[in-house]
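>>> take this sequence and fold it.
(chains A and B)
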Amino acid sequence: MGVSRRDFLKAGTGAAVLAATPRWLAVHAAPGAPLAPPITDPDVKPLALRALDAARSAGAAYADVRLTHTYTRSFEPYHRTIEEAEEMAAGVRALVNGYWGFASGPYWTPDEMARLGREAVAHAKANALGAARVVELGKVPVVADGHWETPVEIDPFTVPVDEVFDYLRGLMIYTAATYPGVSAQVACDFYRQEKAFASTEGTFVTQTLYRTGGGFGISYDNEKYRTDDRLPTTIASPLLGRAGRGWEYIREAPLREEVPILMARLEEDWRLPFKPIEAGRYDVVLDAHGVSMLLASTIGAATELDRALGYEANAGGTSWLNRPLAMLGTEPVGAPLLTVTGDRSTPGALATVKWDDEGVEPEPFTLVKDGILADFQTTREGAGWLAEYYTKHGKPVRSHGCANAPSALHATMEHPPNLAITPARSDVGLDDLIAGLEKGIFIAGLTVDTDFQHLNGESRSGRFYEVRNGKKVAHLTGAGMLFRAPGLWKSLTALGGAKSLEWRSATMPKGEPMRNGAFSVGAVPARFKDVTIIDRTRKA
Amino acid sequence: MRRRSEPRRLLEEPRRFLSQDQCEALAQRAMRFATGGGDTALYIDTWWSGEMRWGRNRVTLGSDRRNNQLTIRRSIHEAAASVRTNQIDDVSIQSAIQAAERALAYHPTSPEDIKDPAVHFDYLSPAIWSDRTFALGASERAAAARALIEPAEQAGMLSAGYIEVRGAGRALIRSNGEPLYAPYTQAQCSMTVRDPQGTGSGWAGLSSYDWGRIDGAALAQRALQKCLASRNPVGIEPGRYTVILEPQAVHDLVQYVVRNFDLRDIAEGGVHPFALRRDFSKLGLKVADSRVTISHDPMHPDLGVVPFTPSGEPVRPVTWIDHGVLTTLAYNREYALTKLYDNLGYPNTLSYQMSGGETSVEEMIATTKRGLLVTRFSNVSYVDPVSLLLTGVTRDGLWLIENGKISKAVKNLRFTESPLFVLNSIEQLGRPERVFSPGVPAIVPPLKVKDFSFTALIDAI
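As a prediction, the model looks like this:
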């Protein structure tokens, strides 16, 4: 019997870890033995409490600790490559006189936990020597012992590597054999994060979060139809992206049936002529993908409360919604048909958790109601910054559960929850919106860049089509979309119905050092009027 | 690599990151777990980072973070596979080795793997370690932050900023080669000062391996002055302007040129800004103004980098563009061996210096009839990677120059321009200076450039 990490975890000193004493050297683990105890193991909680005790003894008014254990595994079947990575981390946050300190490291040992607790307090104290600062943490119910797992049908890490490769390579072989001249590109990756959270308020919760990502596309070049070199020969399927699901996410996607659909889409493209763009104002239809990217980069980023108040000024930037208390409930950010919600409990979405990284159970909330700014994304500290507004309107001063960090190596900060546009009540789909366009432009797969206030932006990529009498008639070369976020959202004239809702994954970098928070965006196709279309490749 | 004496500071203190001995011992342990022959390599990035962040004139977080990133690579015959972990106990390492060997069984070939254990390289010893940086503790960082915030607060402005000091070691230890290890430090300081109404914003920042080479007080003054002077900007029409680009603004563009110094992309038939046509590069051709030389000497006191690449290649001095002529494009050792019958590649570390001139920014302004003074660019992205056409926005201070004088603060503009056009439209060059570029030091001059293309007005501040 070898030394497992459970022994390691119970063992004494951090110094022994660093020096890796001969005792550790001699030992081989039994093949197939679990790498570490599961996060629900009874030894994890004492470890967490050790950090809190150390922080409290050192003088913390409040402290919390997170332990994370993250695995990733990705597959690329063409070269048969597998990449695997593992990261363990522990991080302690302490509050002293209104100032925060944070300490983190890679070792889960009792001594290290105590060191992190003391270190976090020492940093908070060093900062607290300056001018006074008040932090009021929004109240949250204490959860004494909770555990939650992303509901997955098949834990992707239990699927044999051979099975994954067989499945992915099977798709490639099927495509090449069934459709001569067509080749499929496919890949997938798995993520599992086990995490524990404990606070000096008495909360202790553990979670196991899963994410599965994939990509599927085809390459196809039929000389009979493809008349112009500028026409694309590859196309990606919208069926796969990234989701808070297991192996079933890949298995359930009807990828074989998707091949002829993608071929037809390419051939439809090839029949259209090319036309240089004429800059001007056009009615524009975006697919659900484009609307989700637009939403994430504009309203999604601008309603992060720390950005809005200037805390991110030196990093990713601020927000055009920069006077939260004056703007809440009154500031128009879009047409009356625009309602945007935030929700970290959406099944299968990337930011979905039972508790956030401050132990708060998130609940759905409305960011934009009928075109008016209704709320911001908040953490416990952030909720306090809006106390005046919440109290005046009889709302509880409560975090929306947006505290998040990629792992315990990073301090928590506010990151977007899953965002969604409320679909229209009617049953309108993308084809209906295009069919209703007498003269305008349809943009497929739009992505955008914005400025540091998420106010002005330009398209980064996307395929632009001229639409006449409801039909796509030409590709528009060099076309780009230029916009000012509130103006664009106010020019929204139609949204797709619930059946056209699609979920996409998004990330929004922020912080120093910079890191990303992953979230899902649910969006429907939409029509906008009088959108500025430019020749993107043209200089002044 | 010759073992260098450990920095004094490292010997005196408890470890905040793994030492050379620890890395080598770790690798020895790992190699014992390898089965089935072949070679094993460990690439280790082990670091400690002390951080201080502030916003709205108050410190929002002080932190101490540490981590080890191990990349364990197993290779047998032509196949290679690697696995990453941040754990250093035997169970974790053995598990990682097993995962790499499992992946190896699926991975048919890796042309990158070069087997010649006998080759010995000489590695440079750049200046990349500073005791001052490593010794800057939490209370010193807090005191520094307060000193940086104070001028802004006294002026009734809001400061947000960040200080980071880092001590780290990078190691490459192979079963078929000599062990490499380099300890290094990094320091950075930057801040944004805004007026409470959000009508003005100024920025200043600097990075170096040595905290002592960062003059925080000067940065704080600069950010404050830029904020005050940028308030209540007026809108101007986009179009072509003569621009005076401060060194940071030049770096924000020229770093895209440096990133594209790559021969292999061209050799493999890729479309590329430095491809003349398919399979042919622009080497030997003039690509920039004759006054432009872009080079990197790792032994320059302000341009030190870790002297080996992740695959163990030595970093060496290189001149990419010499008086406007493209003279070198980067390639790795495998390419050198197989295509050029040479033994060494030219790694591109992205660190660089660009030649300058003697014109001060004040003289550039004084000699400009109508133009714009640019502090820096932000949110830059490619429009067309082939022509290197970029788009992005100005940020934290943009001023109109009329008749040799700064006449007013103007609203930010979106640009659509290629840095190669910029390097061919230079009117005047100033003294090169260090800029904010954490981890990849750069020395860049201010430039006066004609006909720079601004394509849209943006009203973000």
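>>> residues touching B:Leu350, list them.
B:255, B:258-259, B:440 (Cβ atoms under 8 Å, 6 or more residues apart in numbering or on different chains). C-beta here means a position set from N, CA and C on the backbone, and glycine is covered the same way.
>>> and stretch A:311-328, does that touch chain B?
Yes: using Cβ under 8 Å from any Cβ of the partner chain, stretch A:311-328 reaches chain B at A:311-315, A:317-318, A:320, A:322-323.
>>> buried residues in that stretch?
A:311-322, A:324, A:327-328 (16 or more other Cβ atoms under 10 Å in any protein chain shown).
>>> pLDDT averaged over that stretch - what is it?
Mean per-residue pLDDT for stretch A:311-328: 96.
>>> show the end-to-end separation of that stretch, please.
19 Å (Cα to Cα, to the nearest Å).
>>> next: stretch B:222-239.
So stretch B:222-239: terminal residues 28 Å apart, Cα to Cα.
>>> now do that stretch: everything it contacts.
By Cβ under 8 Å, 6+ apart, stretch B:222-239 touches A:540, B:151-152, B:155, B:157, B:159, B:161, B:191-195, B:199-204, B:375, B:396-400, B:406, B:408-414, B:453-457, B:459, B:461.
>>> in it, what counts as buried?
B:222-228, B:230-231, B:233, B:236, B:238.
>>> domain map for the chain?
Answering for chain A, as no chain was given. As given by automatic domain parsing, the domain ranges for chain A are A:41-212, A:272-540.
>>> right idea, wrong chain: chain B
According to automatic domain parsing, the ranges for chain B are B:8-218, B:233-461.
>>> residue contacts, the residue nearest to B:Leu124 when sequence neighbours are not counted?
Excluding the flanking residues, the one nearest B:Leu124 by Cβ to Cβ, 6 or more residues apart in numbering or on different chains is B:Pro307, at 4.5 Å. The contact partners of B:Pro307, by Cβ under 8 Å, 6+ apart, come to B:1, B:123-126, B:182, B:298, B:314-315.
>>> from those, which land in strands?
Among those, the ones falling in strands (DSSP state E) are B:Ala182.
>>> pull out the buried residues from the contacts of B:Pro307.
B:1, B:123-124, B:126, B:182, B:298, B:314-315.
>>> ok, those vs A:Leu294, which is closest?
B:Val315 (42.7 Å; Cβ to Cβ).
>>> so that closest one makes contact with B:Met299?
No: counting by Cβ atoms under 8 Å, B:Val315 does not reach B:Met299; the two are 10.1 Å apart.
>>> okay, and the common contacts of those two?
Residues touching both B:Val315 and B:Met299 (Cβ under 8 Å, 6+ apart): B:Leu124.
>>> any low-confidence regions in the chain?
Since you didn't name a chain, this refers to chain A. A:1-36, A:130 (pLDDT under 70).
>>> hmm, no, I was thinking of chain B.
Residues of chain B that meet the cut-off, pLDDT under 70, sit at B:1-14, B:108-118.
>>> what ranges does it have for its helices?
Applying DSSP state H to chain B gives helices spanning B:8-12, B:20-33, B:90-106, B:131-134, B:138-154, B:216-229, B:247-259, B:263-267, B:333-339, B:361-366, B:419-423.
>>> just send the ones you listed back as CSV, with distance to A:Ala485 too.
Below are these laid out as CSV (distance: least, Cβ to Cβ, whole Å):
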stretch, distance to A:Ala485
helix B:8-12, 49
helix B:20-33, 49
helix B:90-106, 45
helix B:131-134, 41
helix B:138-154, 29
helix B:216-229, 24
helix B:247-259, 24
helix B:263-267, 36
helix B:333-339, 46
helix B:361-366, 34
helix B:419-423, 28
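>>> that older thread, how about the buried residues of stretch B:222-239, which pair is most distant?
B:Leu224 and B:Pro238, at 28.8 Å, using Cβ to Cβ across the buried residues of stretch B:222-239.
>>> about what we covered before: which one of the buried residues of stretch B:222-239 is nearest A:Glu358?
When the buried residues of stretch B:222-239 are compared against A:Glu358 (criterion: Cβ to Cβ), the nearest one is B:Ala223, at 31.9 Å.
>>> related to what we said a few turns ago, among the contacts of stretch B:222-239, which are in strands?
B:159, B:161, B:191-194, B:201-204, B:375, B:396-400, B:406, B:408-409, B:413-414, B:453-457.
>>> what sits against B:Leu245?
Neighbouring residues of B:Leu245 by Cβ under 8 Å, 6+ apart: B:253, B:374, B:422, B:446-449.
>>> so which of those residues comes closest to B:Leu390?
B:Leu253 (7.0 Å).
>>> give me the number of neighbouring residues for the closest one.
27 (other Cβ atoms under 10 Å in any protein chain shown).
>>> do the same with A:Val142
11.
>>> same check on B:His120?
Under the criterion other Cβ under 10 Å, the count of neighbours that B:His120 has is 8.
>>> which non-adjacent residue is nearest A:Pro486?
Per Cβ to Cβ, 6+ apart, closest to A:Pro486 is A:Val333, 5.3 Å.
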